[in-house]
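# How does the following fold in three dimensions:
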Amino acid sequence: VWLAVAASVALLLALGGWRLRTSRGEAQFGEFRVAMTKAALDLTEHVEVFGLDAPELKAWLTEHRGHPDFVLPAKLAEHGVLGCKIVEWRGHRVTLLCLKFDGGHADIFVANAADLPGLALGEAPQFAVAGPFTTATWQRDGKIYHLAGNFSVDQLKLLL
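Purely as a prediction, here's the structure:
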C-alpha cells in the first residue's frame with residue numbers, strides 16, 4: 001500500500017512539475033512574442049544588412065553568431081530575404097529575417113528551441129494576432145520560428 005501511495009505522489013509531483021514548466025514556457029513565449037513584435041515594428045533600425053544572396057546571408061549570420069541553418073517554408077523562401085539583423089533577447093541571439101511581398105511585409109524570427117524551454121510547439125504553425133500583426137509560430141529541427149506580418153491568418157496559411 002505504501003509503495004502505491006509513494007508511486008502516486010511521485011507521479012503527481014512529476015505531472016505538476018511538467019505543468020509548471022509548460023506554464024513558464026508559455027509565459028516566457030508571451031514575453032518573446034511581445035519583444036519580437038516590437039522589433040518588427042521598429043523601422044528606425046529594422047535590419048543591419050540588405051540584399052545579400054543566400055551564401056552571403058549564411059556567411060553574415062555565421063560571422064554574427066546568428067542562425068544560418070534556418071529553413072523557410074518553400075513559399076516563403078521563393079520571395080527571398082530582403083535583409084536581416086541579430087536581435088538580443090534575454091541574453092540569447094535571435095535572427096530576424098525581413099521579407100517583402102506584393103503589398104506585404106513579414107519578419108521571421110529564428111531562435112534555438114532550448115532558449116524557450118517548456119514551450120510545446122510542433123511543426124504545424126500556431127496563429128495569433130499581436131498588435132498590428134498576425135503571427136505564426138512553429139518548431140522545426142531544434143529551432144523556433146516566429147513570423148510576424150501584416151497579413152490575415154488566411155493569407156499566412158497560404159504562405160506557409
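# and L119, how many neighbours?
L119: 19 surrounding residues under other C-beta atoms under 10 Å. In short, each C-beta sits where N, CA and C put it, glycine included.
# On the three-state scheme, it is what?
Classification of L119 by DSSP: H, G, I helix; E, B strand; the rest coil places it in coil.
# Look at L97 and say how many residues are nearby.
25.
# Helix or strand: which one has it?
For L97, the enclosing helix or strand under DSSP states H and E is strand 92-101.
# Just the buried residues of that strand, please?
For strand 92-101, burial by neighbour count (16 or more other C-beta atoms under 10 Å) applies to R93, V94, T95, L96, L97, C98, L99, F101.
# What helices and strands are in contact with that strand?
Other elements packing on strand 92-101 under the criterion 3 or more C-beta pairs under 8 Å, 6 or more residues apart in numbering; DSSP states H and E are helix 2-41, strand 83-89, strand 104-112.
# What is the nearest of the buried residues of strand 92-101 to A136?
When the buried residues of strand 92-101 are compared for distance to A136 (C-beta to C-beta), L99 wins out at 12.8 Å.
# In stretch 50-64, which residues are buried?
Residues of stretch 50-64 classed as buried: L52, L57, K58, W60, L61 (neighbour count, 16+ other C-beta under 10 Å).
# Narrow those to those in helices?
Taking DSSP state H, the ones among these that sit in helices are L57, K58, W60, L61.
# Among those, find the lowest-pLDDT one for me.
For those, the weakest pLDDT value sits at L57, with 88.
# List the contacts of the closest residue to that residue other than its chain neighbours.
Of all residues not flanking L57 in the chain, V81 sits nearest, at 5.9 Å (C-beta to C-beta, 6 or more residues apart in numbering). Counting by C-beta atoms under 8 Å, 6 or more residues apart in numbering, V81 makes contact with L52, L57, L97, C98, L99.
# need the residues you listed in CSV with distance to K38, can you?
Listed next are the contacts of V81 as CSV, based on distance: C-beta to C-beta, whole Å:
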residue, distance to K38
L52, 24
L57, 23
L97, 17
C98, 15
L99, 18
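# what's the distance between F101 and L159?
Distance of F101 to L159, computed by C-beta to C-beta, to the nearest Å: 8 Å.
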